[in-house]
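[1] Got a predicted structure plus its sequence, pasted below:
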Amino acid sequence: MMKVAVTGNIGSGKSEFINFISKLGFYYISSDVIISNLYKDDKTRSIILQKLDLNERNYKQEIINKIHNEVFNRRLKKVIYPFLYSKRRFICQKHKTYQPIFYEVPLLYEEKLNHDYNVTVFIKADINKRRQRVLNRGVSKNYFTLMNNKQINENIKKIKSTFTLNNNGSILNLRLNIIKLLNDL
């Protein structure tokens, strides 16, 4: 089975990539979607919040407020990643006949997960474009800065990746680059 990791810094266009390939009939597994669904499930959310000692009522804001703290950040990963990896393995087994399977992995290099994939695709975009995209989604400038600072330099990701797609243009331009990439795969 060919496993293709799609990564990029915040606001680079990972979600647009995943949405487009799914319309083309390719199967994908999104880490962001899995984590979001973990929090939507009452039982799982309760377990996570209890392990993190967070209040149910305003846990999202508490996580954002504490994520800059490295001790909390390590604890958060220690709690969430086992759920994420388990769910990802389960989904992958269910769909192992699909070729290739695309994985949206925002922190691919930060968490040293790149060795789990046959191919890595890095979506690169100018920081000002990325910031504007994130702000257009209603996310604060402080959150963008916080999350951007947690990610390694784009030039390092470009060097480490099998393919790099530049996403400083239109959605149509990104889609054309994705089609070229699919032909190369």
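    Structure received.
[2] low-scoring pLDDT stretches of the protein, where are they?
    92-98 (pLDDT under 70).
[3] Give me the residue at the spatial middle of it.
    Pro106 (2.9 Å; C-alpha atoms, centre = their mean).
[4] In three-state terms, how would that residue be classified?
    Secondary structure assignment for Pro106 (DSSP: H, G, I helix; E, B strand; the rest coil): coil.
[5] mind listing the strands for this structure?
    3-7, 27-30, 101-104, 119-124, 163-166 (DSSP state E).
[6] Can you spell out which helices and strands pack onto the fourth one?
    If you count contacts as 3 or more C-beta pairs under 8 Å, 6 or more residues apart in numbering; DSSP states H and E, strand 119-124 packs onto strand 3-7, helix 14-23, helix 154-160, strand 163-166. For every residue, glycine as well, the C-beta is placed using N, CA and C.
[7] and the ones you listed as JSON lines, adding mean neighbour count?
    As requested, the helices and strands packed on strand 119-124 are exported to JSON lines (neighbours: other C-beta atoms under 10 Å):
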{"stretch": "strand 3-7", "mean neighbour count": "23"}
{"stretch": "helix 14-23", "mean neighbour count": "18"}
{"stretch": "helix 154-160", "mean neighbour count": "14"}
{"stretch": "strand 163-166", "mean neighbour count": "18"}
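[8] This protein - how does it break down into domains?
    The chain resolves into domains spanning 1-26+99-185, 34-97 when parsed by automatic domain parsing.
[9] re the thing from before, distance to Thr145 added to the helices and strands packed on strand 119-124, as CSV?
    Shown next, in CSV, are these (distance: least, C-beta to C-beta, whole Å):
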stretch, distance to Thr145
strand 3-7, 20
helix 14-23, 19
helix 154-160, 15
strand 163-166, 23
